[in-house]
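# Got a sequence here, can you build the structure:
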Amino acid sequence: MPAFNSKSRPRRLLSLLILAVGLLGLNGPGLAREELQQVGEWMAHYYEHPDPGKLPAWVKDAAAAGAFDKPSARFPLMIFISRLIQDNPERGLPWCRELSALPSAHKAYLGWAFRNAGSPVQEECIGKILGLDEADRQKVLGARLHDPLARNPEHPGDLDMLWATFMATGAELPVERIIGVLGLPDPERGAPDSVRILLLKGAARWSLSANIRQHRRVAEIAEARRTQASGQLRQTLDEILAETGNPP
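Predicted coordinates for the structure are as follows:
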């Protein structure tokens with residue numbers, strides 16, 4: 001189980017748009033494109049139609065599609081799963097049992113999700129039910145935890161985790177954090193950290209625009225923030241909303 005690392009490049013940004021068309025780039029044996037699309041759409045629209053009972057079947061389908069084999073998809077999915085475990089503590093034990101037949105590497109990622117969620121059954125799940133060997137169990141226990149909302153995003157991969165949190169909850173705060181990136185001042189050319197900031201702002205603008213087109217909820221949050229914003233942030237939000245058919 002690799003260390004948790006959210007520093008992915010913009011081209012790997014997961015976003016609601018990519019999920020909505022079916023976890024693009026994944027090639028799941030035995031899964032038709034329509035099934036892949038359903039896997040992506042269930043996650044992307046979960047906050048609109050929450051149905052936690054379907055999580056185990058969805059995790060199995062996502063695993064079959066290769067989602068856990070791609071770091072750019074793996075980490076946002078782990079955050080999404082972790083949030084659903086956190087919000088449904090009474091389902092933790094049956095979920096862990098039902099998913100114990102996943103491949104060994106995938107079970108390690110699931111174990112991390114239980115630990116990251118602070119699940120009351122994490123010890124039993126990681127220690128017994130998943131049947132992890134000692135090496136994998138120690139990797140799960142040693143991997144750092146991650147709360148996407150604990151700090152402002154610093155890398156494009158942090159945006160992935162915020163979108164995954166939004167998908168699970170429909171909450172404003174993850175989107176507000178992404179919008180906040182657009183208000184960062186443009187760095188001077190050649191200044192330290194200038195490339196990182198430009199990549200982060202470009203990824204934030206692209207993903208916000210894409211998700212405004214796909215989700216009215218995201219558009220509403222952006223419109224509300226625009227009314228309170230000023231300066232560069234207000235101008236950028238005006239441009240994005242106009243481009244996406246939501247003019248002020």
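# what pLDDT does the spatially most central residue of the chain get?
The centre of the chain sits closest to Ala164, judged by CA atoms, centre = their mean, with a distance of 2.5 Å. Note for Ala164: predicted pLDDT of 94.
# That one: what secondary structure?
Of the three states, Ala164 takes helix under DSSP: H, G, I helix; E, B strand; the rest coil.
# Now do it against Ala219, distance only.
The gap separating Ala164 from Ala219 is 19 Å, by CB to CB, to the nearest Å. Where C-beta positions appear, they are placed from N, C-alpha and C, glycine not excepted.
# before we move on, what about Glu239?
Applying CB to CB to Glu239 and Ala219 gives a distance of 14 Å.
# neighbour-wise, which of the two wins?
Each of Glu239 and Ala219 has its neighbours counted (other CB atoms under 10 Å); Ala219 has more, 19 against 13.
# close enough to count as contact, the more buried one and Asn246?
Yes: between Ala219 and Asn246 a contact is recorded at 5.1 Å, counting by CB atoms under 8 Å.
# what is in contact with the two at once?
Any residue near both Ala219 and Asn246 by CB atoms under 8 Å, 6 or more residues apart in numbering counts here, and that gives Ile212.
# burial measure for Ala57, as a count.
13.
# Name the helix or strand for it, please.
Taking DSSP states H and E as the definition, Ala57 sits inside helix 55-64.
# buried sites along that helix?
Neighbour-count burial for helix 55-64 flags 55-56, 58-64 (criterion: 16 or more other CB atoms under 10 Å).
# Tell me who's in contact with the residue nearest to Val175 when sequence neighbours are not counted.
Nearest residue to Val175, sequence neighbours excluded (CB to CB, 6 or more residues apart in numbering): Ile221, at 4.6 Å. Ile221 makes contact with 172, 175-176, 179, according to CB under 8 Å, 6+ apart.
# what's the closest of those residues to Gly157?
Distances from Gly157 to the contacts of Ile221, taken as CB to CB, are shortest for Val175 (16.8 Å).
# Sweet, I'm off.
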